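A predicted structure for the sequence below; I have some questions about it.
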Amino acid sequence: MNKDFTFTIKKIVFDENYQPSENTRITTNFANLARGESRQDNLRNALRMIDNRFNAMAHWDNPNGDRYSVALEIISVDMDVEGSGNAFPTIEVLKTDILDHKTNERIEGIVGNNFSSYVRDYDFSILLLDHNKEKPKFSVPDDFGELHGNLFKYFVNSNAYREAFKKTPVICLSVSDNKTYHRTENYHPVIGFEYLPNESSLTEHYFKKMGMQVRYFMPPNSVAPFAFYFFGDLLNDYSNLELISTISTMETFQKIYRPEIYNANAVAGKCYQPSLKNRDHSLTQIVYDRGERSQLAKEQGKFAEEHFIKPYQTVLEQWSASYTL
């Protein structure tokens, strides 16, 4: 089935003045920080944490630790299925740029980093729960993640993506709290020690459907490894500054979202099992509502079901079944 979907890419600057629109279901993480009485302090503190971490990692030719700052944009991708001008907000990622205050140069960073997807929310919060209702043992549908994966690959290979971004995306996520990770001897000067999980996760399988592979690294002076999802060659396709922009940004967000893991007071050892019940951690000065984040995932899943999955189900299923790169 030959069908062209139209993608529209929107960019919103994420700085201390960022305000999520009331009528959009913008990524819950960013919107969460930018609401309430503490909104501007939240944003200012988070951005300062990112810049401080970046300069600590990019320490060469940077004696005062203030050479760089990171500029962030929220990238929202709308998809028009029928060419009618009625677009659905499919995915949202984060784009980094690096401002070099010594050379007054703006260096393109990495697109991806954070990852929010309405169809993924539908898959995990609606489809997977319905599939396992009244079943004695947890299982996953045979085609779980295939539509979402094909849509993502189609977008990354689209003209819209190639015209907007020079390199393929890198997504940086938290490690899983039900897996054990073992440190290897493989060490990269920027991205740190590589870890290997004891088994693959549902998230790994889901991202594999999106065409992405995963490696786990703990950067220097971090306290836990991160999951890096990517196309191609993670360690050679991206510059040191590009990798640092992702690490500094996503480590900051994870310290806020998952302080039990990423703001823990003890550093991960050779054998590491993350725990969200770890009490030996510090809190940032940033107010974050984790309960709201979980609730919004369900709401966004229902929104995707109502406005995307059900109205276009036949078209999407036929397209996905015949899709090849």
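That came in fine, so what should we check first?

and the nearest residue to residue 211 once chain neighbours are set aside, how close does it get to residue 209?
Excluding the flanking residues, the one nearest residue 211 by Cβ to Cβ, 6 or more residues apart in numbering is residue 153, at 4.6 Å. C-beta: built from backbone N, CA, C; applies to glycine. Using Cβ to Cβ, to the nearest Å, residue 153 is found at 9 Å from residue 209.

again with residue 297
Using Cβ to Cβ, residue 297 is found at 19 Å from residue 209.

ok, residue 298 next?
With distances taken as Cβ to Cβ, residue 298 is found 22 Å from residue 209.

and what of residue 56?
Distance from residue 56 to residue 209, by Cβ to Cβ: 36 Å.

same question for residue 236.
25 Å.

higher neighbour count, the two?
Using other Cβ atoms under 10 Å, the more surrounded residue of residue 236 and residue 209 is residue 209, with 18 against 7.

check that one and give its pLDDT.
The pLDDT attached to residue 209 in the predicted structure is 95.

for residue 24, same thing?
Here, the pLDDT recorded for residue 24 equals 49.

also residue 249?
In this model, residue 249 carries a pLDDT of 95.

next: the one 3 residues further on.
Predicted confidence (pLDDT) at residue 252: the value is 92.

okay, and it sits in which element?
Here residue 252, judged by DSSP states H and E, is contained in helix 240-257.

in that helix, what counts as buried?
Neighbour counts over helix 240-257 (16 or more other Cβ atoms under 10 Å) mark 241-257 as buried.

list the contacts for residue 17?
The contact partners of residue 17, by Cβ atoms under 8 Å, 6 or more residues apart in numbering, come to 40, 43.

element containing it, please.
Under the criterion of DSSP H and E, residue 17 resides outside all helices and strands.

what of residue 93?
strand 87-100.

direction included, what does that strand pair up with?
strand 68-80 (antiparallel), strand 105-117 (antiparallel) (DSSP bridges).

buried residues in the last one, which are they?
Neighbour counts using 16+ other Cβ under 10 Å place 107, 108, 109, 110, 111, 112, 113, 114, 115, 116, 117 of strand 105-117 among the buried residues.

what's the next helix or strand after it packed up against?
Sequence-wise, the next helix or strand downstream of strand 105-117 (DSSP H and E) is helix 118-122. Helix 118-122 sits against strand 87-100, helix 146-156, helix 290-304, with contacts defined as 3 or more Cβ pairs under 8 Å, 6 or more residues apart in numbering; DSSP states H and E.

which parts of the following helix or strand past the longest one are buried?
It refers to helix 290-304. Once the chain leaves helix 290-304, the next helix or strand it forms, by DSSP H and E, is helix 313-322. Residues of helix 313-322 classed as buried by neighbour count (16+ other Cβ under 10 Å): 316, 319, 320.

in JSON lines: these, plus distance to residue 61 and pLDDT.
JSON lines is the format used below for the buried residues of helix 313-322 (distance: Cβ to Cβ, whole Å; pLDDT from 0 to 100):
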{"residue": "316", "distance to residue 61": "50", "pLDDT": "91"}
{"residue": "319", "distance to residue 61": "50", "pLDDT": "91"}
{"residue": "320", "distance to residue 61": "49", "pLDDT": "90"}
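
about what we covered before: what's the angle between the strand holding residue 93 and helix 240-257?
Here strand 87-100 runs at an angle of 120 degrees relative to helix 240-257 (axes from the mean of the first three to the mean of the last three Cα atoms, to 10 degrees).

pLDDT averaged over strand 87-100 - what is it?
93.

buried ones in it?
The neighbour-count check on strand 87-100 (16+ other Cβ under 10 Å) flags 88, 89, 90, 91, 92, 93, 94, 95, 96, 98, 99 as buried.

and of those, the nearest to residue 184?
Closest to residue 184 out of these is residue 96 (27.1 Å), distances taken as Cβ to Cβ.

contact partners for the closest one?
Going by Cβ under 8 Å, 6+ apart, residue 96 touches 70, 71, 72, 109, 110, 111, 113, 242, 245, 246, 249.

go again using 6 Å as the cut-off
Counting by Cβ atoms under 6 Å, 6 or more residues apart in numbering, residue 96 makes contact with 70, 109, 110, 245, 249.

surely the first one is in contact with residue 54?
Yes: taking contact to mean Cβ atoms under 6 Å, the distance of 5.5 Å between residue 70 and residue 54 places them in contact.

if I look at those two, which residues touch both of them?
With Cβ under 6 Å, 6+ apart applied, the contact sets of residue 70 and residue 54 do not overlap.

higher neighbour count, those two?
Counted by other Cβ under 10 Å, residue 70 and residue 54 do not tie: residue 54 has more neighbours, with 26 against 21.

once you drop chain neighbours, what's closest to that one?
Distances taken as Cβ to Cβ, 6+ apart place residue 248 nearest to residue 54, at 4.0 Å, with adjacent residues excluded.

same question, residue 78
Among residues not flanking residue 78 along the chain, residue 87 sits closest, at 3.8 Å (Cβ to Cβ, 6+ apart).

alright, calling it a day.
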